[in-house]
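Trainee: Have a look; sequence and predicted model below, questions after that.
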Amino acid sequence: MSNTAIALVRELFECALLRPELDEARLAQLVHPEYRQQADGRSLDYADFVKHLRHLKQACGRVGLEILSWAEQGERVFTRHLVAADKRDGSQVRMLVIAEFRVRDGRVVACDELTHMLAGTGEDRDLGSRH
């Protein structure tokens, strides 16, 4: 892996979203133990983030991600990306996400994101932060 901030964020996407199983050992190498996430006004610490990812793996069978645009400035990465998921109940969800990631000591230490549901049911609006 290249040691740029965007390469780290891309690897986090792969580990956290795109692989069918959550590799918690690899996740711990990518995400700082002091990790904090703000997602649509909800705060998650590292433990909450892991619970959130476990919930996603249980609820969703296939997840796809398309980075529409990104900018990297030092240890900050901004992305605008689409997430599409096939839920295990047969429904589908599509979210547009705008996120700022901060990297420290070679790991993601924070994420501040806003999600906008493009397709799905009302109960899935908080899928970006539910745990």
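Mentor: Nice, thanks for sending it over.

Trainee: For Arg94, grab phi and psi.
Mentor: Taking degrees, to the nearest 10, you get phi -130, psi 130 for the backbone angles of Arg94.

Trainee: what does Ala28 give?
Mentor: phi -70, psi -20.

Trainee: Any figure for the gap between it and Arg76?
Mentor: 22 Å (C-beta to C-beta, to the nearest Å). For every residue, glycine as well, the C-beta is placed using N, CA and C.

Trainee: chain center to stretch 12-29: distance?
Mentor: The chain centre lies 10 Å from the centre of stretch 12-29; the measure is C-alpha atoms, centre = their mean, to the nearest Å.

Trainee: Report the rounded mean pLDDT for whichever strand or helix holds Ser69.
Mentor: Using DSSP states H and E, Ser69 maps to strand 60-73. Averaged across strand 60-73, pLDDT comes to 94.

Trainee: Excluding its own residues, what touches that strand? List them.
Mentor: When contacts are defined by C-beta atoms under 8 Å, 6 or more residues apart in numbering, strand 60-73 is touched by residues 4-6, 9-10, 13, 17-18, 20, 56, 77-88, 93.

Trainee: Keep only those of the residues you listed that are in strands.
Mentor: Those of the contacts of strand 60-73 mapping onto strands are Val77, Phe78, Thr79, Arg80, His81, Leu82, Val83, Ala84, Ala85, Asp86, Lys87, Val93, per DSSP state E.

Trainee: Next one, pLDDT for Arg36 please.
Mentor: At Arg36, pLDDT is 97.

Trainee: Does it touch Asp45 like I think?
Mentor: Yes. Between Arg36 and Asp45 there is a contact under C-beta atoms under 8 Å: 6.1 Å.
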